[in-house]
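1. no sequence for this one, just the structure:
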């Protein structure tokens, strides 16, 4: 994560919108925790992309079937499409990791979220962490699909 200055312009907008929507019903998902979860899951996808064999995979799937931009504009319902792709059984077709590896990753993310929340005393549930991580994983794939990249240090 040290080399990433910022997520792509697309991911920044979609990530903030989604975290804002989740913060209303999930008060324990503070902005600090939301940013940490999205950032780590997004970067985890990049790590798997960079060296799939290191993570025991031969291929890193990327979301397909998103609409092409019209007049240079991305679809207005892109956030909904990313959220939908991150939920349910369809996620596993997009996740390069096995379910066991994913659950281990989510357990580590949950621990980090709890460490960040310790002073407030309100902990984010593991299923919320899992949902945010899935969203960020697919968010990276939307970036790849549309040709966006995060801003990296020189």
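-> Perfect, I can see it now. No experiment lies behind these values; they were computed from the predicted model shown.
2. now tell me what touches the helix or strand bottoming out on mean pLDDT in the chain from outside.
-> Counting by mean pLDDT, DSSP states H and E, the chain has its least confident helix or strand at strand 4-6, which shows a mean of 90. If you take CB atoms under 8 Å, 6 or more residues apart in numbering as the criterion, strand 4-6 is touched by 12, 39, 43, 150, 151, 152, 153. Where C-beta positions appear, they are placed from N, C-alpha and C, glycine not excepted.
3. where does this structure dip in pLDDT?
-> Counting by pLDDT under 70, the chain shows low-confidence ranges at 1-2, 119-121.
4. contacting residues for residue 44?
-> The contact partners of residue 44, by CB under 8 Å, 6+ apart, come to 105, 133, 137.
5. and the host helix or strand of the last one, what's buried?
-> Spelled out, that is residue 137. Taking DSSP states H and E as the criterion, residue 137 maps to helix 126-146. For helix 126-146, a neighbour-count test (16 or more other CB atoms under 10 Å) marks 126, 128-145 as buried.
6. need the contact list for the most centrally placed residue in the chain.
-> Nearest to the geometric centre of the chain sits residue 136, at 0.8 Å (CA atoms, centre = their mean). Going by CB under 8 Å, 6+ apart, residue 136 touches 15, 37, 38, 39, 40, 41, 42, 45.
7. ok, the closest residue to the second one other than its chain neighbours to residue 8 distance?
-> Of all residues beyond its chain neighbours, the one nearest residue 37 is residue 132 (4.5 Å), with distances taken as CB to CB, 6 or more residues apart in numbering. Counting by CB to CB, to the nearest Å, the separation of residue 132 from residue 8 is 18 Å.
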